[in-house]
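Colleague: this one's structure only:
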C-alpha cells in the first residue's frame, strides 16, 4: 500500500508481455460475471423462480434508467450499460477480498472503460443518424460550436476516466493509510463507506454513459415514452 | 531535502484543500435545491435524484481533478527525477 497509486505490479509474464495483478483481477471478475450469467440463465422459465425474478428485476431497473434518461427504447443500449454497471460494481467491490486491489483503482482499467464508452457514443450516433447526420450534430446549435463540441468529446471521456479512478483509488488509499495508523477493525466504517462509493460510482458511470450516448443519438424523435407504457411493445422509430 | 520536493508537497496540499472548497459549496447548494424540490413534489423524486447524481458527479469531477494534480505532484513529479 506504500506504492504510488499510479504504478502497477506485474504478476507474471506471458512470453514478453507482462501481466499485471489488476489484469488478473479483471479476468477473475469477468469470468465470475460470465459464469454467473450463463449458469443463471440456463433454465429460464415463463413463470419465474426466485433467482430469475432477481435477474429480471436487475434488467427492468437498467431498462427503466435508460428509458428515463434517453426517452427511447432501451433495447440497443441495455447490454452495454448493464454490463458496464455490473462490471464496475463487481470490480469496485473486489476491494473486500483481502490482498486484492480493485482494478478500477488503477488508471488503465478506467481508461479502457472510458474508451469503450467513447467508441459506443460514436457507434450509436452513426447507427441512428447516419455518418453525415452524426457529423451534423457537431455543428449544433451553430457552426461556431464545432471546436468546442470536438473538445468536449475528449474532455468528457477524460473526466469519465479520472472520476472513477479518483473515487475508487482514494477510497482504497484512505483505508490503507488508516490501517497503517490505527490497525485492526478501525477501517471498517471506511470500508463500508467504500462499498457505498463503489455502488454510486458504478451507477454514475452507467448513467453518464447513457447520457453521452443519448446526446450523440439525439432527441427521442417520436419514440418518446408513453405514459404507462411499461407493457406495450414499442419500436424504435429512427 | 530538495526544495522541489518541499514545494511539491505544499502545492499538493494546497491543491486538495483549496480545490475542495468550491465543489463542496456547489454540492451543498445542489443537494439543498434537490431537497427543496423533492419536498415540494415527492412524486418526482426518482427523476430528481437521478439528475442530482449526474450533476453531483459533474461537480465532483473538479475536486477529483485537484486530487489527480496532487497525486501527480507527489508520485509522478517530472521535476524531481
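Modeller: Looks like it arrived, so ask away. As the structure is a prediction and not an experimental result, all values here were calculated from the model. Numbers count the residues shown, from 1 in each chain, chains lettered A, B, ... in the order given.
Colleague: partner strands of the lowest-mean-pLDDT helix or strand in chain A, with direction?
Modeller: The helix or strand of chain A with the poorest confidence is strand A:10-14; it has a mean of 81 (mean pLDDT, DSSP states H and E). Taking DSSP bridges as the criterion, strand A:10-14 forms sheet pairs with strand A:17-20 (antiparallel).
Colleague: how distant is the partner strand from the center of its chain?
Modeller: 24 Å (C-alpha atoms, centre = their mean, to the nearest Å).
Colleague: for whatever helix or strand comes next after it, buried residues please.
Modeller: In the C-terminal direction, the helix or strand that comes right after strand A:17-20 (DSSP states H and E) is helix A:21-40. Buried residues in helix A:21-40, counting neighbours by 16 or more other C-beta atoms under 10 Å in any protein chain shown, are found at A:21-23, A:25-26, A:28-29, A:33. Every C-beta, even on glycine, is put in place using the N, C-alpha and C of the backbone.
Colleague: return the helix or strand in chain B with minimum mean pLDDT.
Modeller: Ranking every helix and strand in chain B by mean pLDDT, DSSP H and E puts helix B:45-75 at the bottom, with a mean of 85.
Colleague: got a list of what the residue nearest in space to the middle of chain B touches?
Modeller: For chain B, the residue sitting closest to the mean C-alpha position, by C-alpha atoms, centre = their mean, is residue B:63 at 2.1 Å. Taking C-beta atoms under 8 Å, 6 or more residues apart in numbering or on different chains, we find residue B:63 in contact with B:19-20, B:23-24.
Colleague: apply 6 Å and report the result again.
Modeller: B:19-20, B:23 (C-beta atoms under 6 Å, 6 or more residues apart in numbering or on different chains).
Colleague: can you check residue B:75 too?
Modeller: A:4, A:6.
Colleague: for the stretch of helix or strand residue A:128 belongs to, the distance to its chain's centre please.
Modeller: Residue A:128 belongs to helix A:107-136 when elements are defined using DSSP H and E. Distance of helix A:107-136 from the chain centroid (C-alpha atoms, centre = their mean) equals 14 Å.
Colleague: pull out the buried positions in that helix.
Modeller: A:107-111, A:113-114, A:117-118, A:120-121, A:124-126, A:128-129, A:134.
Colleague: which helix or strand lies directly C-terminal to that helix?
Modeller: Using DSSP H and E, the helix or strand that follows helix A:107-136 in sequence is helix A:146-182.
Colleague: what's the angle from that following helix to helix A:107-136?
Modeller: 160 degrees (axes from the mean of the first three to the mean of the last three C-alpha atoms, to 10 degrees).
Colleague: now do helix A:146-182, average pLDDT.
Modeller: Averaged over helix A:146-182, pLDDT sits at 87.
Colleague: does chain B have contacts with the next helix-or-strand element following it?
Modeller: As assigned by DSSP H and E, the chain's next helix or strand after helix A:146-182 is helix A:188-217. Yes: using C-beta under 6 Å from any C-beta of the partner chain, helix A:188-217 reaches chain B at A:204, A:207.
Colleague: what mean pLDDT does helix A:188-217 get?
Modeller: 89.
Colleague: and the angle from it to helix A:146-182?
Modeller: Interaxial angle of helix A:188-217 relative to helix A:146-182 (the same axes, to 10 degrees): 170 degrees.
Colleague: who does helix A:188-217 touch, helix- and strand-wise?
Modeller: helix A:50-70, helix A:75-93, helix A:107-136, helix A:146-182, helix B:45-75 (3 or more C-beta pairs under 6 Å, 6 or more residues apart in numbering or on different chains; DSSP states H and E).
Colleague: any residues of chain B in contact with chain A? List them.
Modeller: Contacts of chain B with chain A, taken as C-beta under 6 Å from any C-beta, map to B:53-54, B:57, B:61, B:64, B:67-68, B:75-76.
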